[in-house]
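Chemist: How does the following fold in three dimensions:
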Amino acid sequence: MIEELLESRKNFREVAEKFTSRKLFLLSGSWNNLLNSVLNSEIFTQKMILTTKFQRPFLPLFIIFLVFSIAAYFMVGSLHADEHYQVLEFANYKRGLVEAKQLPWEFGARLRPAIQPTLAFMVLEFFEWIHLSDPFLQAFLFRLISGWLFIYSAFRVYEVLVTEFRTPFFQYLYFIFTFFLYFFPYIGVRFSSENFSACFYMLAFASLYPIIQQQAILTYKKAFEIGVLFGISFLFRYQAALMILGLALWLLIFHFTKLRYWLLMFGGFVLMIGIGILIDRWFYGEWVMSAWHYFYVNLMEGKAASFGIEPWWWYLSMLDFKRLWLINGGLILLILCFGIIKFKHPVSWIFFPFLLIHFLIAHKEMRFIFPILVYVPFMSCIAIQFLSNKIKQPLLLYAGLFVFLIINGFAFVGASFNVPDNSNEIFKFIRTVPDKPVEIHYMKNDLRFLYAQRWLKRHNAPFL
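Modeler: As a prediction, the model looks like this:
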């Protein structure tokens, strides 16, 4: 890599000496000083520094994989009941372990995309084939796979966006933000539709962005593959259509190229929609358009609103401004700064329309906005880089950044060992009790026992 760096500088010197005018020489005062300053500038060498030093950061990535694996081990249970009742129980239905009458109402409404339950079905069948039948170990492996997919997808996005940072300092800062913001272990190890949809969208974006930046050539094959990845993202969670539409509008306005490439991309997307319909046909046993059912039942019939209506500012109110006011408040300000200075950037067109529409939708849950949180590291670091150039004495900015990283480090460790649902301990206890059925006494509205209560009711066990 060092030889390539020297050769590139040599070629640049020859071209510059051939085409640089005498006027430029006079303005600079010294040709050698001018040439050396260009060749040694961080702007010229930033990509080569990245290639020689950070292209394959095996040790940092090993540490990240290890940390997320530990988080997958400790984060037992589910962040939301849908992770279990609309994925794993759907899969167990196809395995003949659960009856249709025991499934949630979404099964009868035919509005759940079957791609993730089908994936879970295949993985569970493989686990049984290798005699790995412990459900708690299976759940851990699902979280582990999810975390590793999240790391790979996030790193792919990091690789294509890091070139927008001028100095190694901000490149390293972006790397830290990409994997070590405090909420990423919490959302990255979930076997949820939000996480898998976000991961495949990141893979599609990482394939498309170098083409947007004219660092790669858009071929027919590449266009089709990008469309397929966007289609998979959509099948895992239909709300991904908002991110896809935002990016499509940006491409149409700012980067429209030959129509046949976009038709191929659209063709890959449509192909995955067709495959999704076939998967739904196999899973439900009849021809259904689950995407239409999802839209019609939740929005047209107002089923989603029946689970609660929140004001537009609800997402902001759910942030912890008591203990993490510096982190959450700082991130909000940095995101707003990015939206102002980079409103023409494709990330802005992915992030802000998606967030705005979810502000307007009556029923809100924090998990709904998880897919766009993966772009917060890039937006924040771009804003910090901009502010560092605009502030005459950025010492206060860097001092605040240092405190931010310290607090975030503690929050990251806390999030990595956080248990969102400890009802698994109840299930493990029930399994060891020799006398069945089991009678459990619990406090009303105690969420720790809510999932256990639902489980016992579905399996005809009395729950007192």
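
Chemist: tally of neighbours for residue 92?
Modeler: Using other Cβ atoms under 10 Å, residue 92 is surrounded by 18 other residues. Every residue, glycine included, has its C-beta placed from N, CA and C.

Chemist: tell me which element it is part of?
Modeler: If you go by DSSP states H and E, residue 92 is part of helix 89-94.

Chemist: what separates that helix from the chain centre, distance-wise?
Modeler: 26 Å (Cα atoms, centre = their mean, to the nearest Å).

Chemist: Can you give the contact residues for it?
Modeler: Contact with helix 89-94 is made by 98-100, 102-104, 107, 112, 114, 117-118, 120-121, 124, 283, as judged by Cβ atoms under 8 Å, 6 or more residues apart in numbering.

Chemist: Which one of those is nearest to residue 196?
Modeler: Relative to residue 196, the closest of the contacts of helix 89-94 is residue 120; by Cβ to Cβ it sits at 10.7 Å.

Chemist: Show the pLDDT at that closest one.
Modeler: At residue 120, the model reports a pLDDT of 95.

Chemist: what do you get for residue 45?
Modeler: You'll see residue 45 listed with a pLDDT of 44.

Chemist: Which residue comes closest to residue 109 once chain neighbours are left out?
Modeler: Spatial nearest neighbour of residue 109, excluding adjacent residues (Cβ to Cβ, 6 or more residues apart in numbering): residue 297 at 5.4 Å.

Chemist: Can you report how many residues neighbour the one you found?
Modeler: By the criterion of other Cβ under 10 Å, residue 297 has 17 neighbours.

Chemist: how about the helices in the stretch 251-400 of the chain?
Modeler: Counting by DSSP state H, counting those that start in this stretch, one finds helices in the stretch 251-400 of the chain at the ranges 259-284, 290-295, 314-317, 325-341, 346-360, 376-390, 395-416.

Chemist: Include distance to residue 200, mean neighbour count and mean pLDDT when you put those helices into CSV, please.
Modeler: Shown next, in CSV, are those (distance: least, Cβ to Cβ, whole Å; neighbours: other Cβ atoms under 10 Å; pLDDT from 0 to 100):
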stretch, distance to residue 200, mean neighbour count, mean pLDDT
helix 259-284, 10, 16, 93
helix 290-295, 16, 18, 90
helix 314-317, 24, 14, 90
helix 325-341, 23, 17, 94
helix 346-360, 14, 18, 96
helix 376-390, 18, 19, 94
helix 395-416, 24, 15, 91
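
Chemist: of those helices, which approaches residue 187 most closely?
Modeler: helix 395-416 (9.2 Å).

Chemist: Can you check what angle separates the closest one from helix 325-341?
Modeler: For helix 395-416 against helix 325-341, the angle by axes from the mean of the first three to the mean of the last three Cα atoms, to 10 degrees is 120 degrees.

Chemist: So which other helices or strands are in contact with helix 395-416?
Modeler: Under the contact definition 3 or more Cβ pairs under 8 Å, 6 or more residues apart in numbering; DSSP states H and E, helix 395-416 sits against helix 58-74, helix 168-180, helix 184-188, helix 325-341, helix 376-390.

Chemist: Redo those as a markdown table? Include distance to residue 134.
Modeler: Converted to a markdown table, the helices and strands packed on helix 395-416 look like this (distance: least, Cβ to Cβ, whole Å):
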| stretch | distance to residue 134 |
| --- | --- |
| helix 58-74 | 14 |
| helix 168-180 | 30 |
| helix 184-188 | 23 |
| helix 325-341 | 37 |
| helix 376-390 | 36 |
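
Chemist: right, and the ones you listed - which one's nearest residue 139?
Modeler: helix 58-74 (9.6 Å).

Chemist: same question for the closest one, mean pLDDT?
Modeler: pLDDT averaged over helix 58-74 gives 90.

Chemist: now what about the helix or strand that it is followed by, what contacts it?
Modeler: Using DSSP H and E, the next helix or strand after helix 58-74 towards the C-terminus is helix 82-83. Applying Cβ under 8 Å, 6+ apart, the external contacts of helix 82-83 come out as 190, 191, 192, 193.

Chemist: ok so, going back, relative to residue 266, which of the helices and strands packed on helix 395-416 is closest?
Modeler: helix 376-390 (26.4 Å).

Chemist: on contacts alone, who are the packing partners of the closest one?
Modeler: helix 168-180, helix 325-341, helix 346-360, helix 395-416.
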